[in-house]
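Undergrad: The sequence and its predicted three-dimensional model are supplied below.
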Amino acid sequence: MGGSEQKFVNQAFETNWIAPLGPNVNGFENDIESYVGADKHHVAALSSGTASIHIALELLGVSKGDEVLCQSFTFSASANPILYLGATPVFIDSEKDTWNMSPELLEIAIKDRLEKNIKPKAIVAVHLYGMPYKAKEINEIARKYDIPVVEDSAEALGSTYFNQSCGTLSDIGIFSFNGNKIITTSGGGALVTTDVKLKEKAVFLSTQARDDAPHYEHSNVGYNYRMSNVLAGIGRGQMEVLDDRVAARRSVYNFYKENLSKFNSISFLEEPEGCFSNRWITCIKTKSFEQREQIRLALLKEDIESRPLWKPMHMQPVFKESLSFTNGTSEHLFDVGLCLPSGSNLSQNDLNRILNVITNIPKL
């Protein structure tokens, strides 16, 4: 926590605004809008990043039988909402510069589906680990074939692409405020759009799609996806320290890079031109699966958690029947990549302890 969250939460209790609406919800949305560009963007605060993707896809008209092109190298929450709507995910592998969706494979996939008389309904692209994807190339292809993009910025609040905030680079953006994100509302998310009518429809759908009537009238299927006023109060306090959190995460990355780059067997994901990453998680590449496991297990022995990079969606049992367009990039990254401890509150003693374990691994 940053320090002032309790003030906003207390206000919610003192004024009896506990429900999923109220001054903190409105204030939190305004805070996010100010951060990403209030003159152009409108924000709906929702219950999770997953809910935000679900609503975004529904706003774009995705329904049963449609196909949605989705980045394979990501967390399952990027893809699961496609199934919620009865649609079918088609997975696209990564490129090596950002580890995100490959524009080349994206266009190959679109051409393939069009040749089979299937036009994909949407694209879900992800700013993985806070590193912006190649938005210029992805957007150009999306416009060429008239397919909207959902920008999964769950991990990228505070990141920018050519000085534009991630979450605002596509048709609809989403953020996550889950407990592990760079700022948190415990559980929460947000949808970002330039169209105020889409924001209003997102709020409508997320509050059970209740029609304007004196009784409970429903002409659409809705969801219980609106953020509570209490959690939004936490978010308001968190927004006050967001830039500090980004600075802290980037400092952690710089510490690891400065001290581990001396090992030829360890490399880091650099920021391509125009990209500014919040460095939500510092990730390393090793030379082999065996070396990745050697580091992970050495840390685990000292009760220090690290994790392999995301297992690609096209390798997941739940999506084993899904079509995918792959080039081996994400599978290789899963084999050799490792997420290091990256929390904003890591002390220098914590970092030194982690470094000591890694540097004392034999034959690193």
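TA: Nice, thanks for sending it over. Numbers count the residues shown, from 1 in each chain.

Undergrad: From now on I want contacts and neighbour counts done on CA atoms only, so please keep to that.
TA: OK.

Undergrad: Can you list the buried residues in the helix or strand harbouring residue 142?
TA: Assigned by DSSP states H and E, residue 142 belongs to helix 135-144. Taking 16 or more other Cα atoms under 10 Å as the neighbour-count basis, helix 135-144 is seen to contain the buried residues 135, 138-139, 141-142.

Undergrad: Let me have those residues in a markdown table, adding pLDDT as columns.
TA: Supplementary listing: the buried residues of helix 135-144 in a markdown table, determined by pLDDT from 0 to 100:
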| residue | pLDDT |
| --- | --- |
| 135 | 97 |
| 138 | 98 |
| 139 | 98 |
| 141 | 98 |
| 142 | 98 |
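
Undergrad: Buried residues of the biggest helix by length in the chain, list them for me.
TA: If each helix of the chain is counted by residues according to DSSP state H, the longest one is helix 242-260. By neighbour count, and taking 16+ other Cα under 10 Å as the criterion, the buried residues in helix 242-260 are 242-243, 245-250, 252-253, 256-257, 260.

Undergrad: How about stretch 302-313?
TA: The neighbour-count criterion (16+ other Cα under 10 Å) identifies 304, 306-313 as the buried residues of stretch 302-313.

Undergrad: picking up where we left off before, tell me which strands and helices the longest helix of the chain is in contact with?
TA: When contacts are defined as 3 or more Cα pairs under 8 Å, 6 or more residues apart in numbering; DSSP states H and E, helix 242-260 packs onto helix 348-359.

Undergrad: Contact partners for the most centrally placed residue in the chain?
TA: Within the chain, the residue whose C-alpha comes closest to the C-alpha centroid is residue 154; the distance, by Cα atoms, centre = their mean, is 2.2 Å. With contacts defined as Cα atoms under 8 Å, 6 or more residues apart in numbering, residue 154 is in contact with 49, 127, 174-177, 181, 189.

Undergrad: quick one: which of those residues sit in strands?
TA: When these are checked against strands (DSSP state E), the matches are 174-176, 189.

Undergrad: nearest spatial neighbour of residue 225, skipping sequence neighbours?
TA: For residue 225, ignoring the flanking residues on the chain, the nearest one in space by Cα to Cα, 6 or more residues apart in numbering is residue 206 at 4.5 Å.

Undergrad: The one you found contacts residue 227, doesn't it?
TA: No. Because the distance of 9.1 Å does not satisfy Cα atoms under 8 Å, residue 206 is recorded as not touching residue 227.

Undergrad: Going by how many neighbours each has, rank the two and give me the top one.
TA: Comparing residue 206 with residue 227 by other Cα atoms under 10 Å, the one with more neighbours is residue 227, at 27 against 24.

Undergrad: The more buried one contacts residue 20, correct?
TA: Yes. The pair residue 227 / residue 20 is scored as a contact, 5.2 Å apart, by Cα under 8 Å.

Undergrad: related to what we said a few turns ago, between the contacts of residue 154, which is closest to residue 286?
TA: Ranking the contacts of residue 154 by separation from residue 286, with Cα to Cα as the measure, puts residue 127 on top at 21.7 Å.

Undergrad: who's in contact with the nearest residue to residue 77 once chain neighbours are set aside?
TA: Of all residues beyond its chain neighbours, the one nearest residue 77 is residue 50 (5.6 Å), with distances taken as Cα to Cα, 6+ apart. The neighbourhood of residue 50, defined by Cα under 8 Å, 6+ apart, consists of 77-78, 81, 176, 189.

Undergrad: out of those, which one sits closest to residue 58?
TA: Distance to residue 58, by Cα to Cα, is smallest for residue 81 among the contacts of residue 50, at 9.4 Å.

Undergrad: so what secondary structure elements neighbour the strand or helix carrying the closest one?
TA: Secondary-structure element containing residue 81, defined by DSSP H and E: helix 80-84. Taking 3+ Cα pairs under 8 Å, 6+ apart as the contact definition, the neighbouring helices and strands of helix 80-84 are helix 49-59, strand 88-92.

Undergrad: if we look at that helix, which residues are touching it?
TA: Applying Cα under 8 Å, 6+ apart, the external contacts of helix 80-84 come out as 50-51, 53-54, 57, 68, 88-89.

Undergrad: all helices for the stretch 201-350 of the chain, in order.
TA: Counting by DSSP state H, counting those that start in this stretch, one finds helices in the stretch 201-350 of the chain at the ranges 229-239, 242-260, 289-301, 329-336, 348-359.
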